[in-house]
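Q: Structure here, sequence nowhere to be found:
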Ligand SMILES: Nc1ncnc2c1ncn2[C@@H]1O[C@H](COP(=O)(O)OP(=O)(O)OP(=O)(O)O)[C@@H](O)[C@H]1O
Ligand SMILES: [Mg+2]
């Protein structure tokens, strides 16, 4: 199987300016993406998302590892590899501020060897789709940040490459523009069978656009799974059992062997055992354990696990859902 993006064991360290101390931003990331896949790179601040994307799109040279785009080695044949990708980086350095919206679209397409005539109809169509028609002749520096971001994405789409990288495409944008961008990216992926890799902090963005999610933390991949699988994990229910007495260490270990458990104590010295239930059968299994070990259940409450908690659990390696990291 040929992958359109194939990165192997990427590593990157930065040197801190004053102390010369090394920061290992990316510690050995390997990832393969098939044609037409839409992949979300999710992770907390400082996880290494931007560094990884910059290495994939040839902006940053890795200390170790390889980046192969459509079979082309990005490090050895950068220009050739760059023909297959377009990138929208976070922030607003993707555009020329002193050119108008239309001029930016024409200029960057021209760089890709597309003539004005060739792309004029596509520009009109994209402007329309992004509600930017009225702004076509306005200078980019007079646009709102959200409009600039829409334009950056339009420029990337016009390049008509097989692969599009986007770093935090909806960061800091208002609800409406974020919605438009999500809608556009989804449509583009489906209509033109593009391979898209985007980074985000934001689960709803990933959930809506991507089929697959790769969670990275501290420079390593901790989870690589389909969004639907992860959502079923996010759907996880939890029950809090208040038991008659303090749970013994042995009791706790028995439950912990099978479930994700949090134990705390209330003021009356009773243990409150919160168990994450992934399958409905599990609820009865927990009850069975309590019964076998003669633990009296005084109260059962349903607690809700939100995405944030599950995400943090994955990041901390507490769910058993992590993948092995290849080194
Ligand atoms: N140019 C740089 N010089 C020094 N350290 C850097 C540089 N760029 C990034 N880092 C450090 O590398 C680590 C990874 O940063 P990176 O920007 O790749 O993370 P990120 O996942 O994109 O974070 P965020 O969600 O905040 O955008 C962080 O500790 C960051 O401080
Ligand atoms: Mg970043």
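A: Nice, I can see it. The structure presented is a predicted model; accordingly, all values stated were derived computationally and were not measured. Ligands and ions are numbered 1, 2, ... in the order given.

Q: Tell me where the model's unsure across the stretch 101-250 of the chain.
A: 233-236 (pLDDT under 70).

Q: Enumerate every residue touching the residue in it that ligand 1 sits nearest to.
A: As assessed by C-beta to the nearest ligand atom, ligand 1 sits closest to residue 201 within the stretch 101-250 of the chain, at 5.8 Å. (C-beta placed from N, C-alpha, C; glycine too.) Residue 201 is in contact with 42-45, 168, 171, counting by C-beta atoms under 8 Å, 6 or more residues apart in numbering.

Q: One more: residue 241?
A: Per C-beta under 8 Å, 6+ apart, neighbours of residue 241: 272-275, 286, 290, 297, 299-300.

Q: What strand or helix carries it?
A: In the assignment (DSSP states H and E), residue 241 maps to strand 237-243.

Q: Only the buried residues of that strand, if you could.
A: 237-239, 241-243 (16 or more other C-beta atoms under 10 Å).

Q: Count the neighbours of residue 292 for me.
A: The number of residues packed near residue 292 is 9, by other C-beta atoms under 10 Å.

Q: Same check on residue 286?
A: 21.

Q: Can you classify the closest residue to it other than its chain neighbours as helix, strand or coil?
A: Spatial nearest neighbour of residue 286, excluding adjacent residues (C-beta to C-beta, 6 or more residues apart in numbering): residue 275 at 5.2 Å. Using DSSP: H, G, I helix; E, B strand; the rest coil, the three-state assignment for residue 275 comes out as strand.

Q: OK, contacts around residue 275?
A: Residue 275 neighbours (C-beta under 8 Å, 6+ apart): 238-241, 255, 259-261, 282, 286.

Q: ok, of the contacts of residue 241, which one's closest to residue 249?
A: Nearest to residue 249 among these is residue 273, at 13.1 Å by C-beta to C-beta.

Q: Quickly list what that closest one is bridged to.
A: On the basis of DSSP bridges, residue 273 is bridged to residue 241, residue 263.

Q: That one and residue 266 touch, don't they?
A: No. Residue 273 lies out of contact with residue 266 (C-beta atoms under 8 Å); the separation is 11.3 Å.

Q: Can you check which residues contact both of the two?
A: Joint contacts of residue 273 and residue 266 (C-beta under 8 Å, 6+ apart) are residue 242.

Q: Show me the strands in the stretch 51-200 of the chain, by range?
A: 64-69, 72-73, 85-88, 163-167, 195-200 (DSSP state E, counting those that start in this stretch).

Q: Same list, these, but as JSON lines with mean neighbour count and distance to residue 123 please.
A: JSON lines is the format used below for the strands of the stretch 51-200 of the chain (neighbours: other C-beta atoms under 10 Å; distance: least, C-beta to C-beta, whole Å):
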{"stretch": "strand 64-69", "mean neighbour count": "20", "distance to residue 123": "26"}
{"stretch": "strand 72-73", "mean neighbour count": "15", "distance to residue 123": "29"}
{"stretch": "strand 85-88", "mean neighbour count": "23", "distance to residue 123": "15"}
{"stretch": "strand 163-167", "mean neighbour count": "24", "distance to residue 123": "17"}
{"stretch": "strand 195-200", "mean neighbour count": "25", "distance to residue 123": "21"}
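
Q: Let's have those strands in CSV, adding distance to ligand 2.
A: Formatted as CSV, those follow (distance: least, C-beta to the ion, whole Å):
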stretch, distance to ligand 2
strand 64-69, 18
strand 72-73, 25
strand 85-88, 13
strand 163-167, 6
strand 195-200, 6
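
Q: how about the residues of this protein near ligand 1?
A: Applying C-beta under 6 Å from any ligand atom, one finds that the chain approaches ligand 1 through 14, 23, 25, 43, 45-51, 201.

Q: Closest one of the contacts of residue 241 to ligand 2?
A: residue 274 (33.1 Å; C-beta to the ion).

Q: returning to what we had before: quick one: closest of the strands of the stretch 51-200 of the chain to residue 249.
A: strand 195-200 (41.0 Å).

Q: now the closest one, how far from the chain's geometric center?
A: Computed by C-alpha atoms, centre = their mean, to the nearest Å, the chain-centroid distance of strand 195-200 equals 7 Å.

Q: What residue spans form the domains of this protein?
A: Here the domain parsing of the chain from automatic domain parsing is 5-232, 237-304.

Q: now the ones you listed in TSV, with distance to residue 314?
A: Below are these laid out as TSV (distance: least, C-beta to C-beta, whole Å):
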stretch	distance to residue 314
domain 5-232	5
domain 237-304	11
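
Q: circling back: could you measure from the residue of the stretch 101-250 of the chain closest to ligand 1 over to residue 93?
A: 20 Å (C-beta to C-beta, to the nearest Å).

Q: repeat for residue 116
A: Counting by C-beta to C-beta, the gap from residue 116 to residue 93 is 24 Å.
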